[in-house]
Structures are given as C-alpha cells and as structure tokens.
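K.L.:
would you be able to build a 3D model of this:
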Amino acid sequence: MDESTSPDSSAASSIPTWPPAAALGQDATAKASTSEDDEPGQPGEGAQLLDELQEAIARYVILPSSEALTAVTLWVAATHIQPALQHAPRLAVVGPAKRCGKSRLLDVLTETVREPLITVNTSPAVVFRAIGADPPTLLVDEADTIFGSIKAAEKNEELRGLLNAGHQRNRPALRISGPEHKPQAFPTFAMAALAGIGDLPDTVMDRAVVIRMQRRKPGERVEQFRSRRDIPALHALRDRLTAWLRPLMDTAADLVPPMPVQDRAADTWEPLVVVAELAGDSWPERAREACVAMCAAEVGQDDESNVKTRLLKDIRRVFACYGDPDTVRTRDLLEELLKDQEAPWAEYRNTGLTPRYLGILLKDFGIQAAVLRFEGGRQARGFTHAQFTDAWARYCPEEQPPDGGETTRHGSAVHP
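P.N.:
The predicted structure follows:
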C-alpha cells in the first residue's frame, strides 16, 4: 500500500504540511504524493496521475494553450477534494462559434470528474436538491441557451445567482419547502463547468477559470471520442485520482499556498494550486505559471468594466486639457469626449455618449453631476475634479515620475 493512503498516515495528513521556505516548484507535501519506493528524481504518484490525465485530455481536445491544458487538468483533479475546499471554481469553456471543441471537452470532463451531474437545461430547484455535503460536479452544456440573450438571462437569473453563491462555501439558498411551508437552507457550494458560445455573465466569468476554445486549424488532429472504447480507460483514471486525493483532504484543507494573484482570482485558482502542491514535481510551478498567464489574458475581456475604466482615463485627459480646473461643465466634458475619433464615445449605444449614459457609467464609482456655479455667476450641471480623484487612484492610477515626485494641479474653472 502506498504511504499516502495507509492508515498510519491518516493522522499526519491532518497536520498542515506547508514548509515555511518551500521553493517554487518544489514538492511541498512529499509524504502526501510519494512513497518510499519512489526513485530519487522521479515524479511521485500524484504527479504521474496528473501527467496521465493531461495526456488523456489532450488526446481528444486541442486546448488554446499549454497553460489552459494545465488548468483543465488541475480543475478536474480538484473536483475530487471539493469537501476540503473553501472555493469552488467555475470552468468557463467558451468559444466564438460552433465546432470549437467545447462539447467534446465536456465529454472528457464528465468521465473524469467526481460525481458528474450533466445537463443541457435545468432549473435551480433541481440543482438545489442535488447538492449536498459532498457535492457533485455540475456540468452545463449549451450555456448560451441559458444566458445568451437578455430575455433568456432574465428568465434564468435565479440560476445565475445560484452559480455565483456556490463559488464560496457557506452561502446557502433559502427557500420555502415542505407541507408546512417552512424556510429551508439548500447548499449551493459545488464546482461547475459551463460550455457555450460567447461569454457567460460577467459575475460567472469573474468566478471562473476561463478556457477560450478555438476551432481546429487544418492539420491539427485529435482522436475521435468513442464511448464504448474510451470511457472505461477514463473511468479507471478517475478512480485512481479518487484513490490518491480523497485520503489527502485534511491535508488539502490545511494548505494555504502562496498565490501569484490576488482577491477573487486567488480564490478561484487556489484549489488548482493546492492540487499541484499535493502532486509536487513540476506541477506547482506549472500551476502558478498558468494562473498568471490566464488571469492576465482575461484583463480587458470584461467589456463593460473596460469601457468604464476608459471613460475615467478620458475624463482625466479632458481635465488636463483645460488645465486641471476645479470644475468642468457636463456639456464641455461631453464635447471633448466626442471629439476623440479613436474613442468609443461618438458611437456609444449607437447614439453617442449622452448626459444620461455618462451618469450611468459613472454611477458605480459614486460620481454624479450636480448644479455648480462657474465664473460669471452662471450655473450649470457639471463635475468637480475632487469627485474623480479617488476613482482615478483606484482604477487607473498614473505612473509616478521617475524621480518619485508628484504632479501638481492648478488652474481655475472652465469658462462657460
């Protein structure tokens, strides 16, 4: 019996094993992933299993990058230790058109994740009742039919809320249930993979490891997936993953590995890095490299957030053009924004940026126009420079001058 699964190692598995000075890529839990019979320099059981899983996935699907293949491999393995995780990352398998391999990847995931629950269309009530203390892995194909249009998204708003809540542990959904109509808490925590054409809702994408599939080029070849022939081998690999990882859940729960990203991205990627640390060998380094590369690739993909940040930058430019006055009229601000032919404002929402749209875009930053007094005693709706300073510092900070000095602001109000 392997040392990692022996009864004598169960007590040790519940003790945090993170070494204070573990080097990047170094096996942080050698006892959890190798046995005494492993030869020096050879990958342990966990690393070998992940290598085999990665090879199996690549046999049937061409992923957009090696980092994406690493991420999918680790995501599959992480489904086998869901009860030990604090966050349940979504896997967003999206593509611009049909025949990009999305459904084929979901086929492979179905046969390798733990307790798959696959559906093309479902209701929140069904999902609520399917999730328990040891949750299944939700697999949703054709997610664009659920969220692909405004009407469909509005109809499935409850399902979107469930997917958002289920990203973090201890976020139950309360529903009136039973003949006595008493409130009942339904668990929502479960890992989920969603495949579809086009991006999923922003709130789902923000909680997901995003795999942007592409159609195969001429000359790119994969094996055909045949259930009768291929599923038994995938199931055997799945069962070996379970046998390796389930005894290590206490160890996994105690691990808090250093992350190369922050905030929600760190929450989403942490389960994948935890699995990589359990495996050891080169997997911890590969996991972090994939995390950095794929998170960086998603920067700017959120169109609405990108537009809002662009607006803040352009408003700062307008203030600078006027000499950084204390106030600027809404009319003058819009006039300057619309002059920029390279900016999206002249064609924003087909009609161009208006005072109403300007207010909507700035609302989330706590910025709104007000009636202000300008030179000559005239009053008009406008904005103050001070309203933007906090948003500029948070969302589009300017680079400091090389000497470390600070730029100064001076000037008076814009003339009406």
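K.L.:
report all helices and strands that the helix or strand containing Ala386 contacts.
P.N.:
Taking DSSP states H and E as the definition, Ala386 sits inside helix 385-395. Counting contacts by 3 or more Cβ pairs under 8 Å, 6 or more residues apart in numbering; DSSP states H and E, helix 385-395 is packed against helix 303-321. C-beta coordinates here come from the backbone N, C-alpha and C atoms, glycine included.
K.L.:
flag every buried residue along the next helix-or-strand element following the helix it packs on.
P.N.:
Following helix 303-321 in sequence order, the next helix or strand is strand 327-329 (DSSP H and E). Applying a neighbour-count criterion of 16 or more other Cβ atoms under 10 Å, the buried positions in strand 327-329 are 327-329.
K.L.:
packing partners of strand 327-329?
P.N.:
strand 379-384.
K.L.:
mind listing what's buried in the strand it packs on?
P.N.:
So, applying 16+ other Cβ under 10 Å, buried residues of strand 379-384: 380, 382-384.
K.L.:
try stretch 263-280
P.N.:
265-280.
K.L.:
can you check the pLDDT for Arg317?
P.N.:
According to the prediction, Arg317 has pLDDT 94.
K.L.:
number of residues surrounding it?
P.N.:
14 (other Cβ atoms under 10 Å).
K.L.:
distance check, it against Leu311.
P.N.:
11 Å (Cβ to Cβ, to the nearest Å).
K.L.:
same deal with Thr70?
P.N.:
From Thr70 to Leu311 the distance is 36 Å (Cβ to Cβ).
K.L.:
what of Ala370?
P.N.:
Applying Cβ to Cβ to Ala370 and Leu311 gives a distance of 18 Å.
K.L.:
what of Val273?
P.N.:
With distances taken as Cβ to Cβ, Val273 is found 35 Å from Leu311.
K.L.:
same question, Val292
P.N.:
According to Cβ to Cβ, Val292 and Leu311 sit 28 Å apart.
K.L.:
neighbour-wise, which of those two wins?
P.N.:
Taking other Cβ under 10 Å, Val292 and Leu311 do not tie; Leu311 has more neighbours (24 against 16).
K.L.:
contacts only, for the more buried one.
P.N.:
Going by Cβ atoms under 8 Å, 6 or more residues apart in numbering, Leu311 touches 337, 345, 358, 361-362.
K.L.:
likewise Ile315?
P.N.:
Per Cβ under 8 Å, 6+ apart, neighbours of Ile315: 333, 337, 383, 388.
K.L.:
rerun at 10 Å
P.N.:
328, 333, 336-337, 358, 362, 367, 383, 385, 387-388, 391-392, 396 (Cβ atoms under 10 Å, 6 or more residues apart in numbering).
K.L.:
wait, Arg378 touches Arg331, no?
P.N.:
No. Counting by Cβ atoms under 10 Å, Arg378 stays clear of Arg331, with 11.8 Å between them.
K.L.:
more neighbours, the two?
P.N.:
Counted by other Cβ under 10 Å, Arg378 and Arg331 do not tie: Arg331 has more neighbours, with 14 against 11.
K.L.:
who is the closest residue to the more buried one other than its chain neighbours paired with across the strands?
P.N.:
Closest residue to Arg331 apart from its sequence neighbours, by Cβ to Cβ, 6 or more residues apart in numbering: Ala380 at 7.0 Å. As for beta bridges, Ala380 partners with Leu372 under DSSP bridges.
K.L.:
got the contact list for Ala380?
P.N.:
Contacts of Ala380 (Cβ under 10 Å, 6+ apart): 327-332, 369, 371-374, 414, 416.
K.L.:
what about the stretch 51-200 of the chain, any weak spots by pLDDT?
P.N.:
The stretch 51-200 of the chain contains residues with pLDDT under 70 at 120-125, 128, 148-151, 153-154.
K.L.:
hmm, try it at 80
P.N.:
The model of the stretch 51-200 of the chain has pLDDT under 80 over residues 97, 119-130, 132-133, 144-159, 173-181, 184-186.
K.L.:
can you give me the helices in it?
P.N.:
Along the stretch 51-200 of the chain, the stretches classed as helices by DSSP state H, counting those that start in this stretch are 66-78, 102-112, 124-130, 144-147, 150-155, 157-165.
K.L.:
going by neighbour count, which residues of the longest one are buried?
P.N.:
Same thing as helix 66-78. Those would be 67-78, for helix 66-78 by 16+ other Cβ under 10 Å.
K.L.:
then the shortest one?
P.N.:
Applying a neighbour-count criterion of 16+ other Cβ under 10 Å, one finds 144, 146-147 buried in helix 144-147.
K.L.:
now Val256, what's its secondary structure?
P.N.:
Under the three-state scheme (DSSP: H, G, I helix; E, B strand; the rest coil), Val256 adopts coil.
K.L.:
per-residue confidence for it?
P.N.:
Looking at Val256, the pLDDT reads 94.
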